[in-house]
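K.L.:
sequence unknown, structure follows:
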């Protein structure tokens, strides 16, 4: 209870400071951003995710208006809020998916498609939708993530290999073994080039291909 009271007291102080800054010297945007970030952090700790997101969104807006190059820090904070939402219950995953979507829209307006933050959030969306049992939607996000990696980071082979593997898993769960085998093979080819023979991901992919190939023939 004491901590909750102290957090509430801190939010009140920050809100008063923000009002004074806006009234007296709106040009001191760095201090306003700092206050909003701290408010977002406290709201996040208290699981007040709407308030946290609004504070971070406002900080992002101020940052973009005054110094667009600094948007990366706020975008990272937004992503951390969404990751914190991905708990263990269905409600948590539903909320996480909702906020990841909001976060993606905000960041897409601030950075280029080549920015790793966009692909990271798309990947988180895919994983959350899988937890929600929305397999086809999760697959769509995963394919989108994979295409971005192939276009902008083709030399970073390991994430692409793991993405191929996850796409294969989706197709296997959707009872499309031919497509699953195709993506498993692509994943294995990459793993053979960048992972040692004893690596568990490489061995796992070989076993999946062997099993699924036998099941398909039968």
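P.N.:
Great, that's in hand. Quantities reported herein were computed from a predicted structural model and do not represent experimental measurements.

K.L.:
C-alpha only now, for contacts and for neighbours.
P.N.:
Noted.

K.L.:
can you pull the pLDDT of the residue nearest the centre of the chain?
P.N.:
In the chain, the centroid-proximal residue (CA atoms, centre = their mean) is residue 121; its distance is 2.6 Å. Looking at residue 121, its pLDDT reads 88.

K.L.:
how much space is there between it and residue 215?
P.N.:
35 Å (CA to CA, to the nearest Å).

K.L.:
Residue 156 too?
P.N.:
32 Å.

K.L.:
now do residue 146
P.N.:
Relative to residue 215, residue 146 is positioned 27 Å away (CA to CA).

K.L.:
neighbour-wise, which of the two wins?
P.N.:
Per other CA atoms under 10 Å, whichever of residue 146 and residue 215 has more neighbours is residue 146, with 23 against 10.

K.L.:
Verify the stated contact: the more buried one with residue 161.
P.N.:
No: here residue 146 does not reach residue 161: they are 9.1 Å apart, not a contact under CA atoms under 8 Å.

K.L.:
correct me, but residue 209 touches residue 179?
P.N.:
No: contact status for residue 209 versus residue 179: not in contact, 11.6 Å apart, counting by CA under 8 Å.

K.L.:
what stretches of this protein score poorly on pLDDT?
P.N.:
1-11, 14-27, 64, 67-91, 218 (pLDDT under 70).

K.L.:
Which stretches in it count as helices?
P.N.:
2-24, 29-45, 49-66, 71-85, 90-108, 116-131, 135-152, 157-173, 177-194, 200-217 (DSSP state H).

K.L.:
can you give me the angle the fifth one makes with helix 116-131?
P.N.:
An angle of 160 degrees separates the directions of helix 90-108 and helix 116-131 when computed by axes from the mean of the first three to the mean of the last three CA atoms, to 10 degrees.

K.L.:
quick check: angle from helix 90-108 to helix 49-66?
P.N.:
Going by the same axes, to 10 degrees, helix 90-108 is angled at 10 degrees with respect to helix 49-66.
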